[in-house]
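> A structural model of the following input is requested.
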Amino acid sequence: MKAMWNGFVLAESDSTIQVEGNQYFTPDSIRAEYFRPSDTHTVCGWKGTASYYTIEAGGEVNPDAAWYYPAPTDAAKQIAGYVAFWKGVKVSV
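Predicted coordinates:
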């Protein structure tokens, strides 16, 4: 799987996990130079509290375009630290 935005590869992995239609990429598969920590957090009833990254690539900024669960609930422990995308980030095979 590959995550792309603004012509840049943000993440690439052969071992993503699909949850609720989203591909979660392993932490070591993201290209950290494009990710900036965000102060945004949301809560999912069964996964726990999500943290977000803002994507910066090619002089463009995509706020809160990636999220992850640093300490998910037991029901979602398989995606701890894994990163998923939205807001125009294209994920494909």
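
> against residue 34, how distant is residue 57?
5 Å (Cβ to Cβ, to the nearest Å). In short, each C-beta sits where N, CA and C put it, glycine included.

> need the residues touching each of those two.
8, 10 (Cβ atoms under 8 Å, 6 or more residues apart in numbering).

> so for the two, which sits in the more crowded spot?
Shown here are residue 57 and residue 34; by other Cβ atoms under 10 Å, residue 34 has more neighbours (22 against 19).

> could I get the full set of helices for the chain?
Shown for the chain, no helices are assigned by DSSP state H.

> so where's it uncertain?
Within the chain, no stretch has pLDDT under 70.

> so which residue of it lies furthest out from the middle?
When distances are taken from the C-alpha mean of the chain, residue 59 lies farthest, 19.8 Å away, according to Cα atoms, centre = their mean.

> give the contact list for it.
Taking Cβ under 8 Å, 6+ apart, one finds nothing in contact with residue 59.

> distance of it relative to residue 40?
Residue 59 is 22 Å from residue 40, by Cβ to Cβ.

> strands along this structure, start to end?
All strands of the chain, identified by DSSP state E, fall at 2-5, 8-12, 17-19, 22-24, 35-44, 48-57, 60-68, 83-85, 90-92.

> most packed of the ones you listed?
strand 83-85 (a mean of 25; mean count of other Cβ atoms under 10 Å).

> distance between that strand and the chain's centre?
The chain centroid and the centroid of strand 83-85 are separated by 2 Å under Cα atoms, centre = their mean, to the nearest Å.

> for it, packing partners?
strand 8-12, strand 22-24, strand 60-68 (3 or more Cβ pairs under 8 Å, 6 or more residues apart in numbering; DSSP states H and E).
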